[in-house]
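**Student:** sequence? don't have it. structure:
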Ligand code: DMJ
């Protein structure tokens with residue numbers, strides 16, 4: 001049948017009966033529904049899909065302040081997961097200003113923390129860490145009989161992010177359940193950086209007396225570890241009996257540089273809070289010995305005998321076993337309101353020796369810090385060593401005038417190399433150690449080095465470098481890490497490390513490390529925050545990312561006058 005257009009009759013109405021029109025309309029709407037429905041089955045990358053199905057949570061980012069944003073972005077992990085996995089970050093870029101985009105990203109860190117926390121609370125409450133695959137808790141043997149490492153490590157992150165209900169739960173647990181009467185074998189270093197550091201920063205941020213009371217009590221339990229012929233503490237202590245000994249794996253009963261060299265910040269604050277000069281005296285004694293002892297090529301080896309006070313092995317590293325000793329030198333100087341000249345001198349001399357002996361450039365132009373074994377270089381850099389980008393960055397400004405720009409450049413180059421170790425993997429997360437030999441450039445060559453356990457060091461350097469330079473690439477790199485964590489480390493009941501960063505199908509290690517909550521998520525949050533949230537002029541972060549306030553000169557003087565100790569060393 002041929003339809004002719006009749007005058008005054010619309011094309012769609014041409015000569016059709018009502019029932020025919022109805023069938024035609026039904027067919028048309030069916031067709032439209034079918035086409036739209038098919039969009040859902042297209043891959044995410046298809047542009048059409050992104051145009052039609054862009055999620056509606058994005059409008060939240062078009063308005064106002066961070067606070068308004070946090071109300072609008074629900075803390076539901078599924079929502080967050082969908083948001084990140086579907087690549088909404090890209091859409092956001094098209095719709096919002098740079099400031100709002102940044103605020104949106106910052107906002108997403110909070111539900112990540114909440115997700116990690118909620119799952120720890122649900123499956124591992126009171127234990128040290130969450131095992132997210134088996135949905136149970138882990139106690140381990142690092143903290144003696146102490147429990148709740150994830151709670152103490154999280155206090156300040158929860159508080160800073162404004163997760164107040166969760167912070168209150170954590171505080172209540174500390175008040176009622178943190179039992180310091182314990183008899184297990186504890187690592188002096190780990191208890192100090194996580195428990196002492198966590199409680200100190202919780203006290204300074206909130207003013208809650210309970211944290212002060214607990215931290216001073218715990219600090220006193222650590223003092224017997226220093227009862228050695230030299231005053232250099234041993235690595236392991238029984239918190240009940242006070243007996244201490246060296247790690248079985250440390251050669252000839254030695255103590256580890258990164259362990260006895262990472263007490264200074266916390267112990268100075270313990271003296272501040274308790275009025276007990278002993279804490280300061282103990283760490284000043286370590287400082288004195290290290291300052292005096294002969295150093296091969298100006299370098300500090302990683303193993304020292306607590307009995308003879310001599311180096312035991314000539315292995316030097318800015319990564320594991322050495323790392324945070326250097327960090328605490330520059331941070332001691334900064335935390336003393338720039339009065340601790342001895343720490344300053346030791347830091348810059350150590351840096352000079354490190355640059356002369358360890359800093360290398362790969363054939364591909366990447367700057368890295370090698371390890372040193374009795375004069376022979378091992379062209380390897382551990383993930384742990386990647387904190388050094390940030391450390392060298394924060395130390396740049398107080399170095400010799402002619403070296404300042406150089407230090408900032410060096411910090412940027414190391415941070416760039418560490419980013420390369422991430423971007424050269426399938427998961428965009430970095431391996432435990434990467435090499436620069438046998439044709440390798442910032443990649444792991446050994447199977448045993450391919451894992452990633454939610455470590456913070458690379459992100460830590462992004463945060464410091466962002467604060468120091470405001471180069472947007474650091475936020476971009478941080479965001480890449482967020483996306484990779486969401487894609488590969490988030491599991492149904494928390495976040496987990498992965499066994500091989502180069503495998504696109506990941507295998508999880510079933511551990512949500514407490515430093516993921518205390519460091520990784522905190523540094524990411526700070527990376528997307530304004531600089532006036534914990535400004536670097538007023539706070540230093542201990543090596544577990546717990547912020548401690550700068551002790552102002554006047555305060556140091558009062559303290560020195562009252563207790564008559566340490567003042568000359570700090571001037
Ligand atoms: C943390 O416990 C601290 O940053 C420590 O200094 C080194 N290792 C972990 C994180 O990787």
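**Tutor:** Ah, there it is. Source: prediction; values computed, not measured. Numbering: from 1, shown residues only.

**Student:** C-alpha only now, for contacts and for neighbours.
**Tutor:** Fine.

**Student:** Surely residue 235 touches residue 243?
**Tutor:** No. Residue 235 is beyond contact range of residue 243, at 11.0 Å (criterion: CA atoms under 8 Å).

**Student:** Those two: who's more crowded?
**Tutor:** More crowded of residue 235 and residue 243, by other CA atoms under 10 Å: residue 235, with 26 against 14.

**Student:** what's the more buried one in contact with, if anything?
**Tutor:** Residue 235 sits next to 187-189, 225, 244-247, 255-256, 259-260 when contact means CA atoms under 8 Å, 6 or more residues apart in numbering.

**Student:** nearest residue to it other than its sequence neighbours?
**Tutor:** Spatial nearest neighbour of residue 235, excluding adjacent residues (CA to CA, 6 or more residues apart in numbering): residue 246 at 5.1 Å.

**Student:** and the nearest residue in space to residue 435 that is not next to it in sequence, how far is that from the ligand?
**Tutor:** Leaving aside its chain neighbours, residue 435 sits nearest to residue 380 (4.3 Å; criterion: CA to CA, 6+ apart). Distance of residue 380 to the ligand, computed by CA to the nearest ligand atom, to the nearest Å: 17 Å.

**Student:** any idea which of the contacts of residue 235 is closest to residue 315?
**Tutor:** residue 256 (11.0 Å; CA to CA).

**Student:** So for that closest one, what's the pLDDT?
**Tutor:** The model reports residue 256 with a pLDDT of 98.

**Student:** on that earlier part again, from the contacts of residue 235, list the buried ones, please.
**Tutor:** Taking 16 or more other CA atoms under 10 Å as the criterion, what is buried in these is 187-189, 225, 244-247, 255-256, 259-260.

**Student:** Could you list which of those belong to strands?
**Tutor:** Among the buried ones among the contacts of residue 235, the ones falling in strands (DSSP state E) are 187, 244-245, 255-256.

**Student:** what are the ranges of the helices in the stretch 301-450 of the chain?
**Tutor:** With helices called from DSSP state H, counting those that start in this stretch, the stretch 301-450 of the chain shows them at 323-335, 341-357, 388-396, 404-423.

**Student:** So for the ligand, which of these sits nearest?
**Tutor:** helix 323-335 (5.7 Å; CA to the nearest ligand atom).

**Student:** Identify the residue nearest residue 285 in space, chain neighbours excluded?
**Tutor:** residue 231 (6.9 Å).

**Student:** quick one: contacts for the nearest residue to residue 413 once chain neighbours are set aside?
**Tutor:** Closest residue to residue 413 apart from its sequence neighbours, by CA to CA, 6+ apart: residue 367 at 5.9 Å. Contact partners of residue 367, counting by CA under 8 Å, 6+ apart, are 359-361, 410, 413-414, 417.

**Student:** Rebuild the residues you listed as TSV, extending it with pLDDT, distance to the ligand and neighbour count.
**Tutor:** Shown next, in TSV, are those (pLDDT from 0 to 100; distance: CA to the nearest ligand atom, whole Å; neighbours: other CA atoms under 10 Å):
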residue	pLDDT	distance to the ligand	neighbour count
359	98	21	17
360	98	23	17
361	98	25	13
410	99	21	21
413	99	21	18
414	99	17	25
417	99	18	22
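
**Student:** Select, from the ones in strands among the buried ones among the contacts of residue 235, the two members most distant in space.
**Tutor:** Among those, 244 and 256 lie farthest apart (CA to CA), at 14.0 Å.

**Student:** Around the ligand, pick out the residues from the protein.
**Tutor:** 324, 455-456, 515, 543-544 (CA under 6 Å from any ligand atom).

**Student:** which helix of this structure spans the most residues?
**Tutor:** Taking DSSP state H as the assignment, the helix of the chain that covers the most residues is helix 98-124.
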